[in-house]
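Colleague: let's see this in three dimensions:
(one chain, ligands or ions: 1)
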Amino acid sequence: MTPEPFGARLRHAMDTRGPLCVGIDPHGSLLTAWGLNDDIGGLERFTRTTVEALADRVAVLKPQSAFFERFGSRGIAVLEKAVEEARAAGALVLMDAKRGDIGSTMGAYAATYLDKDSPLFSDAVTLSPYLGFGSLRPALDAAAVSGAGVFVLALTSNPEGAEVQRSTTADGRSLAQLMLDHMAAENAGAEPLGSVGAVVGATLGDAGVNLDINGPLLAPGIGAQGATPADLPGVFGSAVGNVVPSVSRGVLRHGPDVAALRESAARFAQEVRSAVAGI
Ligand SMILES: O=C(O)c1cc(=O)[nH]c(=O)n1[C@@H]1O[C@H](COP(=O)(O)O)[C@@H](O)[C@H]1O
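Modeller: As a prediction, the model looks like this:
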């Protein structure tokens, strides 16, 4: 049986739970602030608490792989368990790994995150297209087979991104626009939403690119990086209905109390609803 595509599953989750994505970023400083040791035990507690607090209510949980990798194989084991438990509780898991490599190596990354039989199989993974969009082909193909999705970096939330992503290509488009146009081509004809998403920072003011890709738009940068849900209409314009706003530290700093984590996520979700309803 063909699996339900990620885009359709995400649209359903956004419609029923609201579009918020919460990032699981176990910074050493957050572990300390939660009264935990910055060690594997602290990582395990932090991750379990976050999943328990939020996986039954937010559309997407986005573990940042680097914060788990720093503990080696034991950190990866915590990550595997988090993916499994979050999915079992109904959240879509977006693995934030930002992978990008030559096509043959990309196949191995695709096998890691996008093959149903992999222990790290996730609903979607973040990818960097800056070795050329075509280098992502093995991941795009693997995602189509398993009903998973990908989120491809277009315009990142960090100020350093612009010198690369806003640079002009031979045909006059910005590099980011070229990537977005590739994404639109991948998503052509998909209903209700394609499975190839773009990452566009909520910090950008006005994205200044055509975001009409028929796919989801992950908007990190809300909270600790200074953007707010009220900024979303200005950045995304008429594409705001496809935005998945993403917050990590802005929610996580309210832990370890489960009720406080839930309240914070609910507050961001409400602010997103108000901002989107206003346009
Ligand atoms: O792909 C991402 O999630 C991402 C893209 C981007 O442009 N900017 C960005 O901050 N992120 C990630 O989003 C998270 C932001 O964390 P906070 O600043 O704590 O909300 C981190 O895990 C970043 O790696």
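
Colleague: where do the strands sit along this protein?
Modeller: Remark: strands assigned in the chain by DSSP state E are 21-24, 60-63, 92-99, 124-127, 149-155, 196-200, 217-219, 243-247.

Colleague: what would the ones you listed look like in JSON lines with distance to residue 48 and mean pLDDT?
Modeller: Just so you know, the C-beta spots here come from the backbone N, C-alpha and C atoms, and that holds for glycine as well. Listed next are the strands of the chain as JSON lines, based on distance: least, C-beta to C-beta, whole Å; pLDDT from 0 to 100:
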{"stretch": "strand 21-24", "distance to residue 48": "11", "mean pLDDT": "98"}
{"stretch": "strand 60-63", "distance to residue 48": "12", "mean pLDDT": "98"}
{"stretch": "strand 92-99", "distance to residue 48": "15", "mean pLDDT": "98"}
{"stretch": "strand 124-127", "distance to residue 48": "22", "mean pLDDT": "98"}
{"stretch": "strand 149-155", "distance to residue 48": "25", "mean pLDDT": "98"}
{"stretch": "strand 196-200", "distance to residue 48": "27", "mean pLDDT": "98"}
{"stretch": "strand 217-219", "distance to residue 48": "25", "mean pLDDT": "98"}
{"stretch": "strand 243-247", "distance to residue 48": "20", "mean pLDDT": "98"}
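
Colleague: got those strands as JSON lines, with mean neighbour count and distance to the ligand columns?
Modeller: Shown next, in JSON lines, are the strands of the chain (neighbours: other C-beta atoms under 10 Å; distance: least, C-beta to the nearest ligand atom, whole Å):
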{"stretch": "strand 21-24", "mean neighbour count": "26", "distance to the ligand": "5"}
{"stretch": "strand 60-63", "mean neighbour count": "27", "distance to the ligand": "6"}
{"stretch": "strand 92-99", "mean neighbour count": "24", "distance to the ligand": "5"}
{"stretch": "strand 124-127", "mean neighbour count": "27", "distance to the ligand": "4"}
{"stretch": "strand 149-155", "mean neighbour count": "27", "distance to the ligand": "7"}
{"stretch": "strand 196-200", "mean neighbour count": "28", "distance to the ligand": "5"}
{"stretch": "strand 217-219", "mean neighbour count": "28", "distance to the ligand": "6"}
{"stretch": "strand 243-247", "mean neighbour count": "27", "distance to the ligand": "5"}
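
Colleague: end to end, how far does stretch 6-26 reach?
Modeller: 26 Å (C-alpha to C-alpha, to the nearest Å).

Colleague: next: stretch 251-264.
Modeller: Start-to-end span of stretch 251-264 (C-alpha to C-alpha) is 6 Å.

Colleague: run through who's touching that stretch.
Modeller: Contact partners of stretch 251-264, identified using C-beta atoms under 8 Å, 6 or more residues apart in numbering, comprise 22-25, 30, 33-36, 45-46, 49-50, 52-54, 57, 223-224, 250, 265, 268.

Colleague: tell me the buried residues in it?
Modeller: Neighbour counts using 16 or more other C-beta atoms under 10 Å place 251, 252, 253, 254, 255, 256, 261, 262, 264 of stretch 251-264 among the buried residues.

Colleague: nearest to the ligand, of the residues you listed?
Modeller: Nearest to the ligand among the buried residues of stretch 251-264 is residue 252, at 7.2 Å by C-beta to the nearest ligand atom.

Colleague: I am finished for the moment; much appreciated.
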